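Trainee: fold the stuff below for me.
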Amino acid sequence: MNLHIVALFKFQENYLMEAVELFQNLVKETRKEEGCLQYDLIEDNENKGTFFLVELWETREHHNRHNGQDHLLNFRRDASKILSETAQVYKGFKIY
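Mentor: Next comes the predicted model:
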C-alpha cells in the first residue's frame, strides 16, 4: 500500500536561499531512491518561507529506508539551524 506524506517547513525569512539549496539536494537525491514515486517541493505563495514536501512512497518500508539516508540526515541537521519552527509531518494511506 502506498504511503502519502506531506511535510510542512517554515524557515526564517533571511535564510530562504539557503533553504532552497538544501531542498534542491534533498529532492534530487531522494528521487533516485527505490520506492520513491513522488517527491515534490512546493513553496506556499501566500506565506513567505513556508514550503511543503509532497511525497509518495511505494511502501512504508521504502520510506523507513529513506529515513536513514545520508542526504536526509544532512538536510535535517542543516535545516534545523534555520527553521523558524519545528517541521510538521503528516502520513497516511489513500482511502478513496
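Trainee: tell me, what residue is most central in this protein?
Mentor: Here the mean C-alpha position of the chain is nearest to the C-alpha of residue 53 (C-alpha atoms, centre = their mean), at a distance of 4.2 Å.
Trainee: what secondary structure does the residue lying closest to it once chain neighbours are set aside sit in?
Mentor: Spatial nearest neighbour of residue 53, excluding adjacent residues (C-beta to C-beta, 6 or more residues apart in numbering): residue 7 at 4.3 Å. The way it works is simple: take the backbone N, C-alpha and C, and place the C-beta from them, glycine included. When classified by DSSP: H, G, I helix; E, B strand; the rest coil, residue 7 comes out as strand.
Trainee: ok, longest helix in this structure?
Mentor: In the chain, taking DSSP state H as the definition, the longest helix is helix 16-30.
Trainee: elements contacting it?
Mentor: The elements that helix 16-30 packs onto, with contact taken as 3 or more C-beta pairs under 8 Å, 6 or more residues apart in numbering; DSSP states H and E, are strand 36-43, strand 50-57, helix 70-79.
Trainee: okay, now the sheet partners of the second one, with direction.
Mentor: Just to be clear, that refers to strand 50-57. Strand 50-57 pairs in its sheet with strand 3-10 (antiparallel), strand 36-43 (antiparallel), by DSSP bridges.
Trainee: turn those into CSV, including mean neighbour count.
Mentor: Shown next, in CSV, are the strands paired with strand 50-57 (neighbours: other C-beta atoms under 10 Å):
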stretch, mean neighbour count
strand 3-10, 17
strand 36-43, 15
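Trainee: next, the contact list for residue 22, please.
Mentor: 75, 78-79 (C-beta atoms under 8 Å, 6 or more residues apart in numbering).
Trainee: what subset of these is buried?
Mentor: Among these, those classed as buried by 16 or more other C-beta atoms under 10 Å are 75, 79.
Trainee: hmm, back to that, so which of the helices and strands packed on helix 16-30 is nearest residue 95?
Mentor: Residue 95 sits nearest to strand 50-57 of all those, at 14.8 Å, using C-beta to C-beta.
Trainee: just the residues contacting the closest one, thanks.
Mentor: 2-11, 19, 23, 27, 35-44, 63, 66.
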